[in-house]
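S.K.: Sharing a model that was predicted from the sequence below.
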Amino acid sequence: MTAETSTTRLEAVRARIHAAEAEAKREAGSVTLVAVSKTFEADEIRPVLEAGQRVFGENRVQESQGKWPALREAYEGIELHLIGPLQSNKADDAVALFDVIETVDREKIARELAKEIAGQGRAVRLYVQVNIGEEEQKAGVPPREAVAFVARCREVHGLVIEGLMCIPPADEHPGPYFALLEKLGREAGVAKLSMGMSGDFERAIPFGATSVRVGSAIFGTRD
């Protein structure tokens with residue numbers, strides 16, 4: 001992979017987002033691109049940073065600790081999203097490193113995050129992950145419990161939940177799942193929806209996605 005390849009791909013993804021916004025009659029720039037850099041080394045991320053991308057998604061706390069502190073020193077304005085499952089014993093490290101945690105999905109995590117956010121004094125932005133297709137192998141709150149869980153996060157744990165996140169089943173049309181997340185977001189009173197990945201982000205935009213998580217379409221296939 002060369003720098004030219006990743007930056008060219010980045011520009012192509014940006015253009016596709018812009019076109020999807022226009023087609024959905026949404027304001028230009030209303031969808032944030034989260035470049036998913038999990039498994040890629042710092043040297044592979046730098047060209048994308050040089051091209052102006054500042055919002056990135058990572059799956060693992062430990063992997064992120066190994067590359068992002070140095071990148072943050074070199075580049076201003078980085079916003080880092082945790083988009084992978086969070087273990088409760090990593091809550092302290094996650095709150096210290098990430099600006100947005102998109103995978104709040106159970107009481108224990110909500111409780112640990114509340115404790116760490118208060119203790120560290122960091123205003124980390126939080127999303128509840130919804131297991132939108134109710135798949136056994138995926139993390140997330142079942143759709144029927146999502147609105148009540150958001151309310152408990154706010155009222156019991158004092159957390160500010162700004163959005164919902166989902167990953168639709170891989171082998172089904174994502175539209176109905178995006179529509180369901182949009183409905184749940186309205187009912188829960190959240191402003192943000194993180195939905196849509198490399199294969200379906202253009203379909204998520206008409207359903208109100210405020211951010212899309214795109215990895216392989218920018219960085220290429222992972223080893």
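M.R.: That came through fine.
S.K.: Format the CA atom coordinates belonging to the helix ranked longest in the chain as CSV.
M.R.: Longest helix in the chain by number of residues (criterion: DSSP state H): helix 3-23. What follows is helix 3-23, C-alpha atoms only, in CSV (Å, rounded to 0.1, in the frame of the first residue of the first chain):
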residue,chain,number,x,y,z
ALA,A,3,0.5,6.8,0.5
GLU,A,4,-1.1,7.7,-2.8
THR,A,5,-3.4,4.8,-2.6
SER,A,6,-4.8,5.6,0.8
THR,A,7,-5.2,9.3,0.1
THR,A,8,-6.8,8.7,-3.2
ARG,A,9,-9.3,6.2,-1.6
LEU,A,10,-10.0,8.8,1.1
GLU,A,11,-10.9,11.4,-1.4
ALA,A,12,-13.1,8.9,-3.2
VAL,A,13,-15.0,8.1,0.0
ARG,A,14,-15.4,11.8,0.8
ALA,A,15,-16.9,12.4,-2.6
ARG,A,16,-19.3,9.5,-2.2
ILE,A,17,-20.4,10.8,1.2
HIS,A,18,-20.9,14.2,-0.3
ALA,A,19,-23.0,12.8,-3.2
ALA,A,20,-25.1,10.7,-0.8
GLU,A,21,-25.8,13.8,1.4
ALA,A,22,-26.9,15.7,-1.7
GLU,A,23,-29.1,12.8,-2.9
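S.K.: what residues does it touch?
M.R.: For helix 3-23, contacts defined as C-beta atoms under 8 Å, 6 or more residues apart in numbering pick out 27-31, 33, 35, 44, 46-48, 50-51, 53, 201-202, 205-206, 212, 214, 217-220. Heads up, the C-betas are built off the backbone N, CA and C, glycines and all.
S.K.: Now do the buried residues in it.
M.R.: Using 16 or more other C-beta atoms under 10 Å as the test for burial, helix 3-23 gives 6-7, 9-10, 13-14, 16-17, 20-21.
S.K.: what do you get for stretch 115-131?
M.R.: Applying 16+ other C-beta under 10 Å to stretch 115-131 flags 116-117, 124-131 as buried.
S.K.: Throw those into CSV and include secondary structure, distance to Gly196 and pLDDT, thanks.
M.R.: What follows is the buried residues of stretch 115-131, written out as CSV (DSSP: H, G, I helix; E, B strand; the rest coil; distance: C-beta to C-beta, whole Å; pLDDT from 0 to 100):
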residue, secondary structure, distance to Gly196, pLDDT
Glu116, helix, 29, 98
Ile117, helix, 27, 98
Val124, coil, 23, 97
Arg125, strand, 18, 98
Leu126, strand, 19, 98
Tyr127, strand, 14, 98
Val128, strand, 17, 98
Gln129, strand, 14, 98
Val130, strand, 14, 98
Asn131, coil, 17, 98
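S.K.: From Val141, how far out is the closest residue to Gly133 other than its chain neighbours?
M.R.: Of all residues not flanking Gly133 in the chain, Pro169 sits nearest, at 4.0 Å (C-beta to C-beta, 6 or more residues apart in numbering). Distance, Pro169 to Val141, by C-beta to C-beta, to the nearest Å: 16 Å.
S.K.: So for the two, which residue has more residues nearby?
M.R.: The neighbour count for Pro169 versus Val141, taken as other C-beta atoms under 10 Å, is higher for Val141 (21 against 13).
S.K.: Would you map the strands across this protein?
M.R.: Remark: strands assigned in the chain by DSSP state E are 32-36, 55-58, 79-82, 100-104, 125-130, 161-166, 192-194, 211-214.
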